[in-house]
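**Q** quick check, what structure comes out for this input:
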Amino acid sequence: MTKNADKPKARAVGINHVALEVGDIDEALAFYGNFIDFEIESRNKTAAFIYFGDQFINFALGRNQGPDENRHFGIAVDDKELARETLEAMGIEFLDGRFLDFLDPWGNRVEITTYTNIQFTKADHVLKGMGLGHLAKTEGALAELEKKEMAP
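**A** Okay, the predicted model is just below:
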């Protein structure tokens, strides 16, 4: 595919949401609700929308493919070790590798990461509204942002 630098394009600002296909909406809400805190925005028999401040996951009924081997999505949490301990207590088996990855009951590959260690940044007012205004980026995350001239 050839890039057309002269043609105007919309600029991506971020990811608004991820849609995950699951086998059962109630089971998905229970499973994810066991290890992360979220608000249920809406739900019905075929879908549920769970919010983390200004972003969300859409659980959609109808997963029928095999487990994801490489395709995955990441959830940034305030306390990765607490998430690890909770997932271990749930009997979750982590995938091999340097990341905290696992498969949900429907084969969706999930990676848990620590918000403070990554470039992804929520606006201060969103963090405050989520009760997470105390979170601060690590020096490493700030250095990555600085390289892109995006550090606060």
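**Q** for the one residue sitting closest to the centre of the chain, list the residues it contacts.
**A** Central residue of the chain (CA atoms, centre = their mean): I75, 2.5 Å from the mean position. The contact partners of I75, taken as CB atoms under 8 Å, 6 or more residues apart in numbering, are 36, 52, 110-113. From N, CA and C alone the C-beta is placed, and that goes for glycine too.
**Q** pretty sure it is in a strand, no?
**A** Yes - under DSSP: H, G, I helix; E, B strand; the rest coil, I75 sits within a strand.
**Q** point out where the chain drops to low pLDDT.
**A** Scanning the chain for pLDDT under 70 picks out the ranges 1-4.
**Q** what's opposite the residue nearest to the centre of the chain in the beta bridge?
**A** With DSSP bridges as the criterion, I75 is bridged to I112.
**Q** what does I25 show for phi and psi?
**A** phi -70, psi -50 (degrees, to the nearest 10).
**Q** isn't it up against T46?
**A** Yes - counting by CB atoms under 8 Å, I25 does reach T46; the two are 7.0 Å apart.
**Q** looking at those two, which is more packed in?
**A** Between I25 and T46, counting by other CB atoms under 10 Å, I25 is the more crowded of the two (17 against 10).
**Q** can you count the residues close to M90?
**A** Around M90 there are 11 residues (other CB under 10 Å).
**Q** M90 and F35 touch, don't they?
**A** Yes - between M90 and F35 there is a contact under CB under 8 Å: 6.7 Å.
**Q** which neighbours do I25 and T46 have in common?
**A** L61.
**Q** look up phi and psi at the residue nearest to D24 when sequence neighbours are not counted.
**A** Nearest-residue entry for D24: L61, 7.5 Å, with adjacent residues in sequence omitted and distances by CB to CB, 6 or more residues apart in numbering. Backbone torsions of L61, given as degrees, to the nearest 10, read phi -70, psi 130.
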